[in-house]
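# one predicted model, sequence on top.
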Amino acid sequence: MILEVRKTLVAEVMTQMVGLLVAAVLFVPSAAIAQLRPINAPASPAPIQPPELNTILMKSTYMILGPLAGDATNTKISFGTAFLMGKPVPNDPTREFYVLITAGHVLDNIGGDIATLRLRLPQTDGSYVERPWQIKIRDNGKNLYVKPSDADVAALYVNMPDDFNVTILPTSFLSDDKQLERFEIHPGDELFCLGFPLGVSGMGGFPILRSGKIASYPITPTLIYRKLSFDFNVFEGNSGGPVYFVDHDRTYGGVVHLGETDQFLVGLVIESYQSSAYKGEEIRLAAVVPASFILEALQTLPATSPYK
């Protein structure tokens with residue numbers, strides 16, 4: 001009798017285990033099923049690795065400076081952060097024009113026709129030395145850069161050295177409202193930013209990378225809300241710095257996208273928020289212009305660059 005009871009219990013346990021296994025199989029996500037392969041199946045091609053956005057932007061972001069506009073003593077300088085992107089050449093998608101992007105007030109505050117980018121020249125021993133490079137921002141006092149209406153953004157075609165060999169992002173990495181909504185960008189998401197706070201740079205003259213959370217809501221439509229708050233402390237020199245998003249295995253659309261890397265530019269830093277109730281005291285919060293306004297500025301540039 002005891003033996004029969006034990007057999008019955010074992011049978012019941014085995015039945016429950018089989019049921020659980022069947023249920024588990026039934027609830028495997030379709031994406032996971034697609035990844036299951038027989039042991040003896042031929043190896044799949046190595047997955048294409050996404051670009052490492054932090055390093056690409058680190059290498060293509062520079063301090064920009066020049067004489068302070070309106071300074072009668074001609075002894076003061078104005079500086080900020082700017083970054084390069086590639087605008088596709090019409091009818092030749094394999095080539096791109098160099099476009100400099102920064103905050104509008106960064107260029108407005110530089111007097112004269114010429115500004116200087118602090119490029120970095122790699123040395124054979126792995127170090128870098130500063131390479132000042134002059135760019136033309138005006139022609140006889142007339143701005144060569146374009147700015148969208150009511151947004152502190154500027155875009156400018158620039159001429160770079162013939163031996164300039166830095167990977168830059170194409171403008172397709174600029175996010176629009178559809179992309180922000182598709183990936184469900186929301187308050188609390190972490191963003192990254194590059195810049196030169198108070199003129200400080202890292203080793204080799206590279207920008208300083210910092211991060212913070214999105215601190216405002218709503219985010220879209222960007223045409224209505226126009227700015228988003230970014231929880232990091234802003235200093236002079238941060239203006240114009242790229243603000244971007246990188247995430248792995250993100251959940252959106254009700255699905256966990258395992259193995260996926262999502263990354264794009266969200267906008268650029270323009271200023272710090274100040275309290276109107278407390279005599280303009282800063283509250284250590286950055287204002288970011290969404291990338292949709294950078295796209296608008298790019299659309300107002302001439303179709304082709306004057307520099308080949």
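In hand now; what should we look at? Quantities reported herein were computed from a predicted structural model and do not represent experimental measurements.

# so who does the residue nearest to Gly141 when sequence neighbours are not counted touch?
What sits nearest to Gly141 in space, not counting adjacent residues and going by CB to CB, 6 or more residues apart in numbering, is Asp113, at 7.1 Å. Where C-beta positions appear, they are placed from N, C-alpha and C, glycine not excepted. By CB atoms under 8 Å, 6 or more residues apart in numbering, the contact set of Asp113 is 136-141.

# next one: Tyr307
Per CB under 8 Å, 6+ apart, neighbours of Tyr307: 97-98, 157-160.

# try it again at 10 Å.
Residues near Tyr307 by CB atoms under 10 Å, 6 or more residues apart in numbering: 97-98, 135-136, 157-160.

# swap in Pro187?
213-219, 228-229, 231 are the contacts of Pro187 under CB under 10 Å, 6+ apart.

# could you measure from it over to Leu268?
19 Å (CB to CB, to the nearest Å).

# state the mean pLDDT of stretch 130-141.
Mean per-residue pLDDT for stretch 130-141: 97.

# list of residues touching that stretch?
Under CB under 10 Å, 6+ apart, the answer for stretch 130-141 is 62-66, 82, 98, 100, 106-108, 110-122, 143-145, 154, 156-161, 164, 201, 204-205, 306-307.

# any quick ChimeraX command for the buried ones out of those residues?
Applying 16 or more other CB atoms under 10 Å to those, the buried members can be selected in ChimeraX as follows:
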select :62,63,64,65,66,82,98,100,106,107,108,110,111,113,115,116,117,118,119,120,144,145,154,156,157,158,160,201,205
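
# give me phi/psi at Asn54?
phi -60, psi -50 (degrees, to the nearest 10).

# mind naming the longest strand for this protein?
Looking across the chain with DSSP state E, the single longest strand is strand 261-275.

# and the next element down the chain from it?
Sequence-wise, the next helix or strand downstream of strand 261-275 (DSSP states H and E) is strand 281-290.

# which helices and strands sit right next to that next one?
strand 190-195, strand 208-213, helix 222-225, strand 228-230, strand 242-248, strand 261-275 (3 or more CB pairs under 10 Å, 6 or more residues apart in numbering; DSSP states H and E).

# the first one to strand 261-275, inter-axis angle?
Between the axis of strand 190-195 and that of strand 261-275 there is an angle of 70 degrees, by axes from the mean of the first three to the mean of the last three CA atoms, to 10 degrees.

# can you list the strands that strand 190-195 pairs with?
According to DSSP bridges, strand 190-195 has the following sheet partners: strand 208-213 (antiparallel), strand 242-248 (antiparallel).

# could you check the angle strand 281-290 makes with that strand?
Using the same axes, to 10 degrees, strand 190-195 lies at 100 degrees relative to strand 281-290.

# buried residues, strand 190-195. List them.
191-195.

# distance from the chain centre to it, please.
7 Å (CA atoms, centre = their mean, to the nearest Å).

# export it as PDB, just CAs?
Extracted in PDB, the C-alpha atoms of strand 190-195 (Å, rounded to 0.1, in the frame of the first residue of the first chain):
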ATOM      1  CA  GLU A 190      19.700  58.600 -18.300                       C
ATOM      2  CA  LEU A 191      21.400  61.000 -20.800                       C
ATOM      3  CA  PHE A 192      25.000  61.700 -21.500                       C
ATOM      4  CA  CYS A 193      26.600  65.000 -22.300                       C
ATOM      5  CA  LEU A 194      30.100  66.300 -23.500                       C
ATOM      6  CA  GLY A 195      31.500  69.700 -22.900                       C
END
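
# avg pLDDT for that strand?
On average, strand 190-195 scores 97.

# same check on stretch 70-82?
94.

# do stretch 97-117 as well
Across stretch 97-117, pLDDT averages out at 97.

# what is the least confident helix or strand in the protein?
helix 30-35 (a mean of 36; mean pLDDT, DSSP states H and E).
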